[in-house]
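Student: Next one to model:
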Amino acid sequence: MEYIYAALLLHRAGQQITEENVKKVLSAAGINPDEARVKALVAALSEINIDEVLKSATAMPFAPAAAAAAAPAAPQEKPEAKEEKKKEEEKKAEEEALAGLSALFG
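Tutor: You can find the predicted model right below:
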């Protein structure tokens with residue numbers, strides 16, 4: 001992750017994401033950079049528009065949170081209903097496991 005963070009820091013500062021710059025950022029953070037990882041990162045990021053990726057990434061996490069906040073609270077289930085659901089789920093999982101075993105042995 002620290003390699004990605006270094007690249008994002010360089011991008012935010014308006015610097016080019018080069019092997020030398022990534023190494024400098026990692027060294028300044030007290031990390032001994034791995035040459036192969038730095039080369040792979042720079043090569044991978046050379047064909048990516050970081051601004052577009054950041055825009056699409058920041059739009060995603062907020063949508064589910066907003067929908068959850070707007071939705072009314074679900075009514076509380078009775079303890080008996082929860083136990084029944086749990087038993088049904090356990091039985092279903094057990095049946096699926098047995099089906100998987102039967103598929104192995106024909």
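
Student: Could you chop the protein up by domain?
Tutor: 2-70, 74-106 (automatic domain parsing).

Student: Quick check: which element contains K23?
Tutor: Using DSSP states H and E, K23 maps to helix 19-28.

Student: In this protein, where is pLDDT below threshold?
Tutor: 59-79, 93-106 (pLDDT under 70).

Student: Could you pull out the helices in it for me?
Tutor: Here the chain has its helices, by DSSP state H, at 2-12, 19-28, 35-45, 50-70, 79-105.

Student: E19 is in contact with K39, correct?
Tutor: Yes - with contact taken as Cβ atoms under 8 Å, K39 and E19 are classed as touching, separated by 6.2 Å. C-beta here means a position set from N, CA and C on the backbone, and glycine is covered the same way.

Student: ok so, going back, what comes up buried for the helix holding K23?
Tutor: N21, V22, K23, V25, L26 (16 or more other Cβ atoms under 10 Å).

Student: wait, which of these is closest to A7?
Tutor: V22 (6.3 Å; Cβ to Cβ).

Student: Let me see the contact set for that closest one.
Tutor: By Cβ atoms under 8 Å, 6 or more residues apart in numbering, the contact set of V22 is Y3, A6, A7, L10, P33, V38, L41, V42.

Student: Next one: the residue lying closest to the last one once chain neighbours are set aside from R37, what distance?
Tutor: Put plainly, it is V42. Among residues not flanking V42 along the chain, E19 sits closest, at 5.2 Å (Cβ to Cβ, 6 or more residues apart in numbering). The gap separating E19 from R37 is 10 Å, by Cβ to Cβ, to the nearest Å.

Student: L45 now?
Tutor: 12 Å.

Student: Could you check which of the two is surrounded by more residues?
Tutor: Comparing L45 with R37 by neighbour count (other Cβ atoms under 10 Å), the higher total belongs to L45, at 19 against 13.
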